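Novice: show me the folded form of this:
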Amino acid sequence: MSSPLVARTAHRTLDVDGVRVFYRESLPERADAPVLLLLHGFPSASHQFRRLIDVLGARYRLIAPDYPGFGHTEAPADFTYSFDRLADITEGFIQRLGLTRFVMYVFDFGAPIGFRLAERHPEWIAGLVVQNGNAYTEGLSDGARDFIALRPGTPGAEDTIRDLLTLPGTRSQYETGVTDPELIAPDGWTLDQHFLDLPGRKEAQVALAFDYHSNVERYGEWQAWLRQHTPPTLITWGVNDPFFPRPGAQAYLRDLPDAELHLLDTGHFALEDHLPQIAPLIADFLDRVWS
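Specialist: Predicted coordinates for the structure are as follows:
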């Protein structure tokens, strides 16, 4: 019996506008393999995709960068942390790599970054994989709305954000809504917390939290983009997500009625316990849309 293919993965850096961007890239057997750009969420980094890259990277070219303020990417001390700037750096990263067409996987923070890229370069987007990446007001829980409403200078606002940046707060994002917590390895939240505790990282996350309202204000524009361009779309969604509940997944069908929707009985980081279900869906989707 032949052994299953396990991807070789390169770990590299690129300088983009003074930011040293770290990224992981699988090395598939075929030079013309379909390309999947993996945009990670908060408070994680490209390491959240390690297992997915191992499973799919031998057949497909998977590329996962760390944003400024996350993972192994190094930004200058005067970097301005906003979602526009994260999109600027990600855009420059894509251009430095010479990518001109790819399927884009958007998760959590990856959605507002990814939709900014899609608006700027619709020709890049061969398809979307959406995993708990919200673009609709009905996809915001009451807790998420309260968090997004926080503003600098409001008494207690920064303390509320910083409470989420602790180890219990990080761990809860992985375990809340999961039916079997024993399936969630501790490596993810432990590594996330390591990076959060680096100098300057919590300040970066506070700035991004205060800027999150800029994403909600652009939801209408992103929905219009979806209706205009109708990209092939696969949606896999953990329905017990405490931030982005089930209606956020179903709302996509309003603008993309042909999208493929899979609702999963898990929480925010659905890949952690549902990789065996999600990976084959992504492989089938890539095979169908890449032509």
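Novice: what residues does stretch 22-29 touch?
Specialist: Taking contacts as Cβ atoms under 8 Å, 6 or more residues apart in numbering, the residues outside stretch 22-29 that touch it are 5, 7-14, 46-47, 49-50, 53, 56-66, 71-74, 93. Just so you know, the C-beta spots here come from the backbone N, C-alpha and C atoms, and that holds for glycine as well.
Novice: restricted to strands, list the residues you listed.
Specialist: 9-14, 61-65 (DSSP state E).
Novice: which of those residues are buried?
Specialist: 9, 61-65 (16 or more other Cβ atoms under 10 Å).
Novice: shaky segments in the stretch 1-150 of the chain?
Specialist: Regions of the stretch 1-150 of the chain meeting the criterion pLDDT under 70 cover residues 1-4.
Novice: would you map the strands across it?
Specialist: For the stretch 1-150 of the chain, the strands defined by DSSP state E, counting those that start in this stretch occupy 9-16, 19-26, 35-39, 61-65, 102-106, 125-130.
Novice: pick the most deeply packed of these.
Specialist: Of all the strands of the stretch 1-150 of the chain, strand 61-65 carries the top mean neighbour count, a mean of 27, counting by mean count of other Cβ atoms under 10 Å.
Novice: that one to strand 102-106, inter-axis angle?
Specialist: Interaxial angle, strand 61-65 versus strand 102-106 (axes from the mean of the first three to the mean of the last three Cα atoms, to 10 degrees): 50 degrees.
Novice: CA atoms of strand 61-65 as CSV?
Specialist: This file holds the C-alpha atoms of strand 61-65, laid out as CSV (Å, rounded to 0.1, in the frame of the first residue of the first chain):
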residue,chain,number,x,y,z
ARG,A,61,0.5,25.3,-3.4
LEU,A,62,-0.6,26.6,0.0
ILE,A,63,0.8,29.9,1.1
ALA,A,64,0.3,31.3,4.6
PRO,A,65,1.8,34.7,5.7
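Novice: quick check, Ile278 in contact with Gln131.
Specialist: Yes: between Ile278 and Gln131 there is a contact at 7.3 Å, judged by Cβ atoms under 8 Å.
Novice: from the buried ones among the ones in strands among the contacts of stretch 22-29, which single one is nearest Asn240?
Specialist: Ala64 (24.8 Å; Cβ to Cβ).
Novice: and Ser214, what element?
Specialist: Here Ser214, judged by DSSP states H and E, is contained in helix 213-216.
Novice: about what we covered before: now render the ones in strands among the contacts of stretch 22-29 as TSV, adding distance to Glu119.
Specialist: Compiled in TSV, the ones in strands among the contacts of stretch 22-29 are given as follows (distance: Cβ to Cβ, whole Å):
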residue	distance to Glu119
Thr9	30
Ala10	30
His11	30
Arg12	27
Thr13	27
Leu14	23
Arg61	24
Leu62	24
Ile63	20
Ala64	22
Pro65	19
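Novice: report how many residues lie close to the closest residue to Asp163 other than its chain neighbours.
Specialist: Excluding the flanking residues, the one nearest Asp163 by Cβ to Cβ, 6 or more residues apart in numbering is Gly169, at 6.0 Å. Here the number of neighbours of Gly169 (other Cβ atoms under 10 Å) works out to 16.
Novice: wait, doesn't Gly169 sit right on Ile161?
Specialist: No: with contact defined as Cβ under 8 Å, Gly169 does not reach Ile161; the gap is 9.7 Å.
Novice: picking up where we left off before, helices or strands up against the helix holding Ser214?
Specialist: helix 83-97, helix 110-120 (3 or more Cβ pairs under 8 Å, 6 or more residues apart in numbering; DSSP states H and E).
Novice: just those: most buried one?
Specialist: helix 110-120 (a mean of 22).
Novice: hey, what's the angle from that one to strand 102-106? Just curious.
Specialist: Going by the same axes, to 10 degrees, helix 110-120 makes 140 degrees with strand 102-106.
Novice: please export the C-alpha coordinates of helix 110-120 as PDB.
Specialist: Extracted in PDB, the C-alpha atoms of helix 110-120 (Å, rounded to 0.1, in the frame of the first residue of the first chain):
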ATOM      1  CA  GLY A 110      -8.400  37.200   7.300                       C
ATOM      2  CA  ALA A 111     -11.900  38.200   6.000                       C
ATOM      3  CA  PRO A 112     -11.500  42.000   6.400                       C
ATOM      4  CA  ILE A 113      -8.000  41.800   5.000                       C
ATOM      5  CA  GLY A 114      -9.000  39.500   2.200                       C
ATOM      6  CA  PHE A 115     -12.000  41.500   1.100                       C
ATOM      7  CA  ARG A 116      -9.800  44.600   1.000                       C
ATOM      8  CA  LEU A 117      -7.500  42.700  -1.400                       C
ATOM      9  CA  ALA A 118     -10.500  41.500  -3.500                       C
ATOM     10  CA  GLU A 119     -11.800  45.000  -3.900                       C
ATOM     11  CA  ARG A 120      -8.300  46.200  -5.100                       C
END
